[in-house]
Structure formats: structure tokens, C-alpha cells
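# predicted model follows, preceded by the sequence.
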Amino acid sequence: MSKDYYEVLGISREATTIDIKTTYKKLAFEYHPDRNPDNTEAEERFKEINEAYQVLSDEGKRAQYDSFGHISNEGGYRSNYSNINDLFGDLFDEVFSSGGRSTAYRGNDLKYDLQLEFDEAAFGLAKEIKIKKRKLCDNCEGSGAEAGGETICNTCGGKGAVAYSQGFFSINQSCSACSGRGKIITNPCKNCSGVGTEYFEQKVQVNIPAGISNGARLKMRGEGEPGLGGGQSGDLYIRMIVKEHPLFERDGSNLFCEVPINFVQAALGDEIEVPVLKGTTKMKIPSGTQPGQSFRIKGKGLVDIQTGNLGDVYVVVNVVIPKKLNKNQKELLKEFSKDYNDNSEPLIEKYLNKFKELIN
Ligand SMILES: [Zn+2]
Ligand SMILES: [Zn+2]
């Protein structure tokens, strides 16, 4: 991922063209290789600053960067300035004259949130999605003007920059009348309303592997926006939004399910039917099962994407105490309690011992 250009220049997203220019001048001067011989860090910084400036100083590129995250310059910026004195002369000339240079721009990466049913994520599938992409306008090929709908800018005479002097430097400033383009649109392109780009929709086949988890991202190389000037296409990042299961909680490839049983089943033991990933299975509950006790059913969970191993299902038992008992049931329980000494239950015994210690 390329760095945030605003951060590189240390300016806010609302910075004006003038702010950008002055900050750039200061930084470029500070980090210029001539002032920092044999300092690779400064050299890297200088390149970053130039790259950020090339994008943010160009209104069109800046707008594209603001709305689409980034514009990657294929191969990165290469500085041609061997002499710092050239910096405020040629550099500005080059930066501001938009014509004559052919630069390949990598297409933007795109993001897509894909909603999946729990089972779709669990078992995997191929899904077709529609992606909205931007490309150069077919009608104007990016100029934003109808054929012949542009004139040379009067202010800068088509150079895209105007010169002014500051101290002993002669500085070329981007022409504000034409935003540095050197041309002014008199008849905007009817297809793109002068923007220079248009949207199109593309179908993309996504192969979702079994066991993919919520929030996982799939990268599809080259499925992002097309590049400009022969540049590479961007990538498409698909984020999985997986719906919750009505009964299972997922943790990696393991599934957890809370199953309520009644107190008689817990006391006497039973065999119950519980859900697993594919269908159901019978599970034995031993006598004396405690609330919150969990039982593992091996290999009935999800596929682990990394290892291909199957996860497990954990059944967590919740013991339900009856809220309503009829007369007969109450009598039976009273009868039962005559014969039942709960002091011998380890949990109760432990508590009672501690309680006695406390009050003595
Ligand atoms: Zn157009
Ligand atoms: Zn101009």
C-alpha cells in the first residue's frame, strides 16, 4: 500500500493548493539529496515528498486520490535533479507542464463487502458479483471536453504554470486559471460531464473457500480499476460478511452450541440429539452432568482453511430448573429430598466449609 500523501507532506485534507505548494517547497529543499549526501533515508523521503506532491498538486489526480484512496505511480517517482539549484526551476516546470510526459498509472484497488449465509461460508461456493469500476471516458478519452471543446489557457499561454520571483529563486507556480492543465474546457464532454472518467459494471466470479470466516479478505489480483497510460490494473479486495448461525457460535473452525436439558436428564443422564455442521448427531449425557459442562464432538465442525483439518462441535449444557410443578411432582420431590443429603455434593460441601470458617 502506498503512503498517505497528506501525511507525507504533513498537511490536512483541506489544505489549499497554496498550502501544498509552500509545504512541498520547504520539504523538498530540506530533504534534497544535495543537502543530504549519502543519506538514503533523506533520499527516500525526498522521493515520497515528490510523489505526494505530484498527485496532490494536480486537481484531477487529487480528486481521484481523495475519493479512491490512492493513485500508485508505476515504478515510483524518480528524481532527475542532480543539482539543488535545479529544484526550483526545472522541477516546477516539469511538475506543472502536464503535456509531453507519458506516465503509467496503476489502477485503483477496489473494496467490496460480500454478504454470505452461514452455510455458504461453511461449505464454500462460487459466487458472481457485480463491481462498479471507473475507466477513462470513451467519448473524450479523459480530456473532459468534446472534440475541439478546449482552448489554450490565456493566463499561462498553455504552459500550465506562471513564473514569479521569491528572493533569489524564480518559481513557477501552477496556473490557477486552468489548474495547471494549460487548457480550458469550453465544451464539456456530454458523456462524462467534463470529469474525464465514467463508470462501468463488471461481473466477477468469486470462488469462496469452505470455512472462510467473517471479516476475512480475499484479494483478486488485477480485478480493480484499469490502469492509465499502460499501467497495471488495481486489485479487488473482497471482505466476507458472514451471517450468524441461529444455534452455533463460531471460533475458528470450532462451533459452540448451548443446549438446555432438564434437571432430571442432568441427574439421571440421557441421550439427546444435537446439531452439528452437517445435520444432527446423538450425544450421551452422563448422569450427574453439571450446568455449563461442555462435551466435544470431534471432527463435526468447520474446515480449517489453513490446515484442511476439521474442527469440533462443543455442546455446552445448560440445566433448566422447572418453574412450574404440579402437586404430585412437588410431593415426589419432597419425598426425594428426605432421602437426599446434599452436604455430600462436593460443591456444596466446599462452600459450607468456607462459610463455617467465615462465621467462626
Ligand atoms: Zn468524457
Ligand atoms: Zn493556465
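Structure's in. What do you need? Residues are numbered from 1 along each chain as shown. Ligands and ions are numbered 1, 2, ... in the order given.
# from here on, just use CA atoms for contacts and neighbour counts.
Fine.
# contacting residues around the residue of the stretch 201-350 of the chain found nearest ligand 1?
Nearest to ligand 1 in the stretch 201-350 of the chain, going by C-alpha to the ion, is Leu228, at a distance of 14.9 Å. By C-alpha atoms under 8 Å, 6 or more residues apart in numbering, the residues touching Leu228 are Ala104, Tyr105, Arg106, Gly107, Leu136.
# show me which residues of the one helix or strand Phe295 maps to are buried.
Per DSSP states H and E: Phe295 is located in strand 294-297. Buried residues in strand 294-297, defined by neighbour count with 16 or more other C-alpha atoms under 10 Å: Ser294, Phe295, Ile297.
# buried ones among the contacts of Leu228?
Ala104, Tyr105, Arg106, Gly107, Leu136.
# return the closest of those residues with respect to Leu302.
Among these, Gly107 lies closest to Leu302 (C-alpha to C-alpha), at 36.6 Å.
# could you check the pLDDT of the closest one?
With respect to pLDDT, Gly107 scores 86.
# correct me, but it touches Gly229?
No. With contact defined as C-alpha atoms under 8 Å, Gly107 does not reach Gly229; the gap is 10.0 Å.
# contacts for the helix or strand in which Glu335 is found, please.
Secondary structure from DSSP H and E places Glu335 in helix 327-338. For helix 327-338, there are no external contacting residues (C-alpha under 8 Å, 6+ apart).
# that helix: what's the following helix or strand?
Following helix 327-338 in sequence, per DSSP H and E, is helix 346-359.
# tally of neighbours for Pro346?
Residues contacting Pro346 under the criterion other C-alpha atoms under 10 Å number 10.
# same thing with Lys330?
12.
# tell me the confidence at it?
The model's pLDDT for Lys330 equals 96.
# quick check: phi and psi on the residue of the stretch 201-350 of the chain closest to ligand 1?
phi -110, psi 150 (degrees, to the nearest 10).
# quick check: the gap between it and ligand 2.
24 Å (C-alpha to the ion, to the nearest Å).
# tell me the bridge partners for that residue.
Beta-bridge partners recorded for Leu228 (DSSP bridges): Tyr105.
# return the per-residue confidence for it.
75.
# try the one 10 residues further on
Note for Ile238: predicted pLDDT of 95.
# please apply the same query to the one 4 residues further on.
The per-residue pLDDT reported for Val242 equals 96.
# go ahead and confirm Gly211 touches Asp304.
Yes. Proximity of Gly211 to Asp304 meets the contact threshold set by C-alpha under 8 Å, at 6.1 Å.
# strand partners of the strand holding Phe295, parallel vs antiparallel please.
strand 313-320 (antiparallel).
# for Glu258, give me its contacts.
Leu247, Phe248, Val315, Val316, Val317, Asn318.
# which one of these sits closest to Leu114?
Phe248 (21.0 Å).
# low-confidence ranges, the stretch 1-150 of the chain, go.
Scanning the stretch 1-150 of the chain for pLDDT under 70 picks out the ranges 1-2, 68-103.
# show me how this protein divides into domains.
Split into domains by automatic domain parsing, the chain comes to 5-96, 248-359.
# of the ones you listed, flag the one that's most buried.
Comparing the domains of the chain by mean neighbour count (mean count of other C-alpha atoms under 10 Å), domain 5-96 ranks first with a mean of 17.
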